[in-house]
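>>> Sequence and predicted structure below; questions after.
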Amino acid sequence: MENQNNVTEFVFMGLWGSKQMELLFFFLFLLCYLAILMGNFIILLTITCSHLIEQPMYYFLCHLSLMDLCYTSTVVPRLLRDLGAARKNISYNNCMTQLFTAHLLAGVEIFILVSMAFDRYVAIVKPLHYLVIMNRQRCNLLIFMAWGVGFWHSIALLLVVLNLPFCGPNQIDHYLCDVKPLLKLVCKDIRIVNILMIANSGMVVVAVFLALIISYILILYNLRTHSSAGRHKALSTCSSHIMVVVLFFVPCIYIYVLPAGSENKDKEISVFYTVIAPMLNPLIYTLRNMEMKITMQKMWPKIAHSNFK
């Protein structure tokens, strides 16, 4: 591997060339990151310190918030550092680590969203068997499977990239180490690698997205038999899930289905699933969820009262 590479570090070109724009977006992304940390910590504490943790839907939501925290922390702190730095460099090893970690955590998040859709499907289509089907053992199995699938996806991607020759130039037209901008720097024919990349990331994202949409169509179809109050509660929950799925998957599909050589707005679009979606997820799940709001109203005054004693 080492004799193929003349590159020991990469230099990010970043999102914008203008220093004034970079300073403006440094403060904007810093506020976004603080909102991500605060929002997801509130969700984690609210669920883990209340009875909600016993419910499968909130158990999965807890894991989703944890993934959002971890995923953004692999991308946004370095982005903030680079926005304030004169030279946006990253070592080859750190670049490969960021590539692996980001795809691992994103892969886990995708399959947690699948688990959440499955949970809602069982709750609405088979309500009498819900507690039997969605027991804690099965929930843990689904989380374990999400980590397993995420690991195999990211390790396969990493092994492909590690075996590619980088002879220079070493400027990545992006703000993070992702497979597509790295492929543009490879000094050999990448047609087969492009096909592998689209199969590994693009087709998987499309297939999962379609499976999620079909599951929600089936859920909406089965809601016809429910009472008006039951329909309203289920629609409120499912609409939140659908918003999160669309925010995450649509930008991913745009980026990973197109081949690496194509001229597109990858780095601008990727802001949606690296910063915007993780920031909006806590708002979507709390503002549109009455049970979460009631629990927060009961729990947080108690926490504040105990801290001031």
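In hand now; what should we look at?

>>> Could you use CA atoms for every contact and neighbour count after this?
Fine.

>>> quick one: low-confidence ranges for the stretch 1-150 of the chain?
The stretch 1-150 of the chain contains residues with pLDDT under 70 at 1-5, 17-18.

>>> Val11: what secondary structure?
strand (DSSP: H, G, I helix; E, B strand; the rest coil).

>>> Can you tell me, leaving aside adjacent residues, what's nearest to it?
Asn89 (4.2 Å; C-alpha to C-alpha, 6 or more residues apart in numbering).

>>> hang on, that neighbour packs against Phe10?
Yes. The criterion here is C-alpha atoms under 8 Å, and Asn89 meets it with Phe10 at 5.6 Å.

>>> and the residue nearest to the spatial centre of the chain, what is it in contact with?
Nearest residue to the geometric centre of the chain (C-alpha atoms, centre = their mean): Ala106, 4.4 Å. The neighbours of Ala106, taking C-alpha atoms under 8 Å, 6 or more residues apart in numbering as the test, are 67, 71, 150.

>>> check contacts around the second one.
Contacts of Tyr71 were listed using C-alpha under 8 Å, 6+ apart, and they are 101-102, 105-106, 274.

>>> thinking again about what came up before, now flag whichever of the contacts of Ala106 is closest to Val245.
Nearest to Val245 out of these is Met67 (C-alpha to C-alpha; 14.4 Å).

>>> can you count the residues close to the closest one?
Look at Met67: counted by other C-alpha atoms under 10 Å, it has 22 neighbours.

>>> Now for it: which residues touch it?
105-106, 108-109.

>>> returning to what we had before: which residues touch the residue nearest to Val11?
Counted by C-alpha under 8 Å, 6+ apart, Asn89 has contacts 9-12.

>>> Now render the residues you listed as a markdown table, adding distance to Leu258 and neighbour count.
Listed next are those as a markdown table, based on distance: C-alpha to C-alpha, whole Å; neighbours: other C-alpha atoms under 10 Å:
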| residue | distance to Leu258 | neighbour count |
| --- | --- | --- |
| Glu9 | 26 | 15 |
| Phe10 | 23 | 21 |
| Val11 | 24 | 20 |
| Phe12 | 21 | 19 |
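
>>> quick one: which two of the residues you listed are the most distant?
Greatest spatial distance among the contacts of Asn89 (C-alpha to C-alpha): Glu9 and Phe12, at 10.0 Å.

>>> didn't Ile43 look like it was pressed against Ser65?
Yes. Counting by C-alpha under 8 Å, Ile43 does reach Ser65; the two are 7.1 Å apart.

>>> Give me the common contacts of those two.
Shared contacts of Ile43 and Ser65, counting by C-alpha under 8 Å, 6+ apart, come down to Pro282.

>>> how many neighbours does Lys265 have?
The number of residues near Lys265, taken as other C-alpha under 10 Å, comes to 10.

>>> do the same with Leu182
Leu182, neighbours per other C-alpha under 10 Å, totals 22.

>>> contacting residues around it?
Residues near Leu182 by C-alpha under 8 Å, 6+ apart: Ile172.

>>> any idea which helix or strand carries it?
helix 179-183 (DSSP states H and E).

>>> helix or strand right after the longest helix belonging to the chain?
The helix spanning the most residues in the chain, taking DSSP state H as the definition, is helix 92-125. As assigned by DSSP H and E, the chain's next helix or strand after helix 92-125 is helix 130-133.

>>> Would you mind listing the outside residues contacting that following helix?
Contacts of helix 130-133 (C-alpha under 8 Å, 6+ apart): 122-123.

>>> Return the distance of that helix from the chain's centre.
Once both centres are worked out by C-alpha atoms, centre = their mean, to the nearest Å, helix 130-133 turns out to sit 28 Å from its chain's centre.

>>> Show me what counts as buried in it.
130, 133 (16 or more other C-alpha atoms under 10 Å).

>>> Give me the below-cutoff pLDDT ranges for the stretch 201-309 of the chain.
Across the stretch 201-309 of the chain, the ranges flagged by pLDDT under 70 are 226, 230, 260-264, 287-288, 302-309.

>>> how does it look with 90?
Across the stretch 201-309 of the chain, the ranges flagged by pLDDT under 90 are 201-273, 276-277, 280-309.

>>> ranges for the helices of it?
Using DSSP state H, counting those that start in this stretch, the helices assigned to the stretch 201-309 of the chain run over residues 203-222, 228-257, 266-269, 271, 277-287, 290-308.

>>> Tell me which of those helices lies nearest to Leu185.
helix 266-269 (15.5 Å).

>>> And the closest one, what does it pack against?
When contacts are defined as 3 or more C-alpha pairs under 8 Å, 6 or more residues apart in numbering; DSSP states H and E, helix 266-269 sits against helix 228-257.
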